[in-house]
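Participant: please work out how this folds:
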Amino acid sequence: MLPELLTSIPGPRSKTLAAELRAHESRNVTYVSPGFPVFWDRAHGVNVWDVDGNRFLDLTSGFGVASLGYTPEPIVHATLDQAARLYHAMGDVHPTAEKVALCRKLSQLTFEKWDLGPGKAILTNSGSEAVEAALKTAFLATKRRGVLAFTGGYHGLGYGALTVTGRSMFRDPFSAQLADFATFLPFPDCQHCPFGATAREPAACLPECLNTFLVQTENLLRKGDIGAILVEPVQGRGGEVVPPGWFLPLLRSLASQFGALLIFDEIYTGFHRTGRRFACDRWMSGPTSSAWARRSPADFPSPPAWAAKKSWTRRGPNRPAKRSTPARSWAIRWGAGWRWPHSRCSKPSRGASAWKSWELTWRKACAGSGPPQSAGAGRAA
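Facilitator: Numbers count the residues shown, from 1 in each chain. Below you'll find the model as predicted:
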């Protein structure tokens, strides 16, 4: 339905709630001003209603979470059914059948789809934890503490994920407490070229930029202390930055050459948000490791997860990695609990909603009504 405004925006009820929230919530969480925020009350399909009865069109899909629309009936029914049968389970002690199905589906959608064999999963609370699980795997597998990350990258606010986040506004207040294992290189943003070229589209990136980046990266990796390369295939919070076509394939090649794990943070881009199921598929670059921060394609918080190729999960303090073994691992974040090195999913209702939302997405894609497979990722207006 089209928007319908009954009051000024924000309405009187929103303004009252904003004042109360400011009085009781940390000022560092919700931005509050005389014209913001609007307090939501309910949502369905593409529409959101605020506490004053105004109806809006949500053109952001809930920051990409509600890509199937709000409160889709099959997902609501699956969630209610699961909650009525078993809302909480001891996921790493007494799992449910839904957990088995969910972990199997994760493997099928990723490593098996990429012809890399079966994957192993850890279900987590948040994207930060999924990223950190990938970083732990890289260290256990390579015994190298260093991580190559990129300026403008955002990977979460937990201290491990914050250490590899390339945004000073988040890092600087806590820099004295952060570890020093991250090294940052410029993310190739062709609209604001870090190598000095004039603004252009990624497809027109200059060879000089590629060569400059290659030299910088090779010089860093030759030192031998980088065990992981962590990157967003398309930067989200950094400004909808689409890299040139050479970027991800080059990282894949360099990671293999120098024995590092390649971690793709698909928090912002996973599940068709760039047209393909995963943004890395656009460049045909299989990750060594990959992290997802958005939830599954529905508006119910589904379990975040981490997964790795089977051979890599066998390595730990008593199982040193062989450098000749191909590096393949993958991390996802959606929304249930995890504890290293165990996998736990304490809320079966989250697993049920994730399973149903993936099933709906798959059916839409097969019917030709899903996200266009050839659509390109682009900079937001």
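
Participant: strands along the chain, start to end?
Facilitator: Taking DSSP state E as the test, the strands found in the chain are 40-44, 47-50, 55-57, 119-123, 146-150, 182-185, 226-231, 261-265, 289-291, 305-309, 329-331, 338-339, 342-343.

Participant: list the buried ones in stretch 83-94?
Facilitator: A89, G91, D92 (16 or more other CB atoms under 10 Å). From N, CA and C alone the C-beta is placed, and that goes for glycine too.

Participant: how about CSV for these, with distance to P202 added?
Facilitator: Shown next, in CSV, are those (distance: CB to CB, whole Å):
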residue, distance to P202
A89, 45
G91, 42
D92, 43
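
Participant: which of the strands of the chain has the lowest mean pLDDT?
Facilitator: Lowest mean pLDDT within those: strand 338-339, at a mean of 28.

Participant: G245 touches P202, doesn't it?
Facilitator: Yes: taking CB atoms under 8 Å as the definition, G245 is a contact partner of P202 at 6.8 Å.

Participant: so which of those two has more stuff around it?
Facilitator: More crowded of G245 and P202, by other CB atoms under 10 Å: P202, with 20 against 13.

Participant: mind listing what E20 touches?
Facilitator: Going by CB atoms under 8 Å, 6 or more residues apart in numbering, E20 touches no other residue.

Participant: end-to-end on stretch 266-278?
Facilitator: End-to-end distance of stretch 266-278 (CA to CA, to the nearest Å): 7 Å.

Participant: what are the buried residues along it?
Facilitator: 266-278.

Participant: before we move on, back to that, out of the buried residues of stretch 83-94, which is nearest to L59?
Facilitator: The closest of the buried residues of stretch 83-94 to L59 turns out to be G91 (CB to CB; 35.9 Å).

Participant: and the pLDDT at the closest one?
Facilitator: pLDDT for G91: 76.

Participant: give me the distance between the spatially most central residue of the chain and A84.
Facilitator: In the chain, the centroid-proximal residue (CA atoms, centre = their mean) is I267; its distance is 1.2 Å. Going from I267 to A84 by CB to CB, to the nearest Å gives 31 Å.

Participant: cool, F174 as well?
Facilitator: Counting by CB to CB - F174 and A84 are separated by 43 Å.

Participant: residues near the residue nearest to V231 when sequence neighbours are not counted, how many?
Facilitator: Nearest residue to V231 in three dimensions, chain neighbours excluded: F150, at 5.7 Å (CB to CB, 6 or more residues apart in numbering). Number of residues near F150 (other CB under 10 Å) recorded here: 26.

Participant: quick check, F150 in contact with T183.
Facilitator: No: contact criterion CB under 8 Å: F150 and T183 do not qualify, at 10.0 Å.

Participant: before we move on, back to that, which residues sit in contact with the residue nearest to V231?
Facilitator: G166, F184, L185, P186, F187, L230, V231, E232, Q235.

Participant: quick check: the third one touching L214?
Facilitator: No: using CB under 8 Å, L185 and L214 do not qualify as a contacting pair, with a distance of 10.9 Å.

Participant: more crowded one of those two?
Facilitator: Between L185 and L214, counted using other CB under 10 Å, the more crowded position is L185 (17 against 14).

Participant: wait, which of the strands of the chain is closest to P10?
Facilitator: Once these are compared by CB to CB, strand 47-50 is nearest, at 7.5 Å.

Participant: buried ones in that closest one?
Facilitator: For strand 47-50, a neighbour-count test (16+ other CB under 10 Å) marks N47, V48, D50 as buried.

Participant: in CSV: the residues you listed, plus distance to G239.
Facilitator: Putting the buried residues of strand 47-50 into CSV (distance: CB to CB, whole Å) gives the following:
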residue, distance to G239
N47, 28
V48, 25
D50, 28
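
Participant: which one of those residues sits closest to V131?
Facilitator: Distance to V131 across the buried residues of strand 47-50 (CB to CB) is lowest for V48, with 29.5 Å.

Participant: who does that closest one bridge with?
Facilitator: A43, F56 (DSSP bridges).

Participant: please name the residues that touch it.
Facilitator: Counting by CB under 8 Å, 6+ apart, the residues that V48 touches are W40, R42, R55, F56, L57, D58, Y70.

Participant: chain neighbours aside, what residue packs nearest to P202?
Facilitator: According to CB to CB, 6+ apart, the nearest residue to P202 is P244 (4.4 Å).

Participant: separation between the residue lying closest to N54 once chain neighbours are set aside and R55?
Facilitator: Distances taken as CB to CB, 6+ apart put L5 closest to N54, at 5.1 Å, once the chain neighbours are dropped. Look at L5 and R55: by CB to CB, they are 8 Å apart.

Participant: repeat for L262
Facilitator: L262 sits 44 Å away from R55, going by CB to CB.

Participant: what about these two, which has more around it?
Facilitator: L262 (29 against 15).

Participant: may I have the beta-bridge partners of that one?
Facilitator: Note on L262: beta-bridge partners I229, judged by DSSP bridges.

Participant: hang on, it packs against S253?
Facilitator: No: counting by CB under 8 Å, L262 does not reach S253; the two are 9.7 Å apart.

Participant: what's the closest of the contacts of V48 to R222?
Facilitator: Among those, and counting by CB to CB, the member closest to R222 is D58, at 47.9 Å.

Participant: and the residue nearest to S107 when sequence neighbours are not counted, how many neighbours does it have?
Facilitator: Excluding the flanking residues, the one nearest S107 by CB to CB, 6+ apart is G119, at 4.0 Å. Residues lying near G119 (other CB under 10 Å) number 27.

Participant: and the gap between G119 and K113?
Facilitator: Separation of G119 from K113 (CB to CB): 10 Å.
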